[in-house]
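J.: Curious how this folds, go ahead:
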Amino acid sequence: MSPVAALWLAALPAIAGLALAAWAVSTARCNAGLVDVFWSLFLLLAAGVFALQAVAGPRGWLVLALTAAWALRLSAHLAARNWNAPEDHRYRAIRARNEPGFAWKSLYLVFGLQAVLAWLISAPLAAAIASPGPLTALDWTGAALAAFGIAYETVADWQLARFKADPAHAGYVMDRGLWRYSRHPNYFGEFCVWWGFYLVAAGAGGWWTLFSPLLMSLLLLRISGVTLLEKDIGERRPAYRDYVRRTRAFFPGPLREP
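T.: Model prediction:
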């Protein structure tokens, strides 16, 4: 086993332990959706394990700092939004399909699955942090893309939270700011973050970690992101149909012609 692969594997037990703790908290609160609060922390924990076990050079510290900025911001945002809120409708649907005994089944259906996905996606972090070599132009390009993604999703989340906080906007669809140019600017920011981390890993020779941003892109576009969120939103919120007709789904761009 290569040193990078061994380092990557070392994070799996730590992520599994945090997933178990997250499951216990979420089960006590009868809200499986709280796994979203812990998702980014799985990856920050992995990066921390990599940094502790490897001799981190400039590239490693850069990646660790970016991962911490991304993970702590996202976890805090989701905790503020979801901690005392009812369980998200996506997780209520999963619960309904898997009763009776969902509390135990969620340990592997929700928390175990997310832990494994986080570990797989953490591969570029392992490849980057394990490399003590000097930074290259590719590293700086990747770091800039990741930083842009963090800033982009932060602004998108702030704009949406501000819009929802105004009672005058009840029943309306957010189509302002970054949400004017795509229906999921927060997910586009996430997309940029992980392709940025991949470029840094590639600068360290970790080209083999390409599966990580591809998997993240698949999750964002086809599985747990855009497709799942919009599966029935047009039925629940008819005004959203017009938003879909005129606004691009993921990559920002000008409004479509009517």
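
J.: In the helix or strand containing Thr227, which residues are buried?
T.: Thr227 is part of helix 226-229, with elements assigned from DSSP states H and E. Neighbour counts using 16 or more other Cβ atoms under 10 Å place Val226 of helix 226-229 among the buried residues. (C-beta placed from N, C-alpha, C; glycine too.)

J.: can you offset everything so residue one is 29?
T.: Fine by me, first position is 29 from now on; the one you just mentioned is helix 254-257.

J.: Quick one: mean pLDDT for that helix?
T.: Along helix 254-257, the predicted local confidence has a mean pLDDT of 77.

J.: Output stretch 54-67 as PDB - backbone C-alpha positions only.
T.: Output of stretch 54-67 as PDB, limited to C-alpha atoms (Å, rounded to 0.1, in the frame of the first residue of the first chain):
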ATOM      1  CA  SER A  54     -29.800  13.000  15.700                       C
ATOM      2  CA  THR A  55     -31.700  10.000  17.000                       C
ATOM      3  CA  ALA A  56     -32.100  11.600  20.400                       C
ATOM      4  CA  ARG A  57     -33.600  14.600  18.500                       C
ATOM      5  CA  CYS A  58     -35.700  12.500  16.100                       C
ATOM      6  CA  ASN A  59     -34.100  14.400  13.200                       C
ATOM      7  CA  ALA A  60     -32.000  12.400  10.700                       C
ATOM      8  CA  GLY A  61     -31.500  15.600   8.700                       C
ATOM      9  CA  LEU A  62     -29.000  16.800  11.300                       C
ATOM     10  CA  VAL A  63     -26.500  14.600   9.400                       C
ATOM     11  CA  ASP A  64     -26.100  17.600   7.100                       C
ATOM     12  CA  VAL A  65     -24.700  19.600  10.000                       C
ATOM     13  CA  PHE A  66     -22.000  17.000  10.500                       C
ATOM     14  CA  TRP A  67     -21.200  16.300   6.800                       C
END
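
J.: in that stretch, what counts as buried?
T.: So for stretch 54-67, counting by 16+ other Cβ under 10 Å, buried means 54-55, 59-67.

J.: Kindly report the same for stretch 278-286.
T.: Buried residues in stretch 278-286 (16+ other Cβ under 10 Å): Phe278.

J.: What spatial separation is found between Ala155 and Asp194?
T.: Taking Cβ to Cβ, to the nearest Å as the criterion, Ala155 is separated from Asp194 by 44 Å.

J.: Neighbour count: the two, which is higher?
T.: When Ala155 and Asp194 are compared on other Cβ atoms under 10 Å, the one with more neighbours turns out to be Ala155, at 29 against 9.

J.: need the next SSE after the helix or strand harbouring the more buried one, C-terminal direction.
T.: Element membership for Ala155, per DSSP H and E: helix 151-157. Sequence-wise, the next helix or strand downstream of helix 151-157 (DSSP H and E) is helix 165-193.

J.: Model confidence at Pro160, what's the number?
T.: We have a pLDDT of 88 for Pro160.

J.: Report the contact partners of it.
T.: Contacts for Pro160 were tallied using Cβ atoms under 8 Å, 6 or more residues apart in numbering; they are 82-85, 87-88.

J.: Residues contacting the helix holding Thr255, please?
T.: Surrounding helix 254-257, the residues in contact under the criterion Cβ under 8 Å, 6+ apart are 118, 211-212, 215, 248-249, 277-278.

J.: re the thing from before, which two among the buried residues of stretch 54-67 are spaced furthest apart?
T.: Spanning the widest gap among the buried residues of stretch 54-67 are Thr55 and Trp67, at 16.8 Å by Cβ to Cβ.

J.: From the contacts of helix 254-257, which land in helices?
T.: In helices, defined here by DSSP state H, the members of the contacts of helix 254-257 are 118, 215.

J.: now that we have the contacts of helix 254-257, which one has the most neighbours?
T.: Using other Cβ under 10 Å as the neighbour definition, those reach their maximum at His212, which records 25 neighbours.

J.: Restrict the helix holding Thr255 to CA atoms and write it as CSV.
T.: In CSV, the C-alpha atoms belonging to helix 254-257 read as follows (Å, rounded to 0.1, in the frame of the first residue of the first chain):
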residue,chain,number,x,y,z
VAL,A,254,-30.4,19.5,-7.7
THR,A,255,-32.4,16.5,-8.9
LEU,A,256,-33.7,15.5,-5.4
LEU,A,257,-34.5,19.0,-4.3
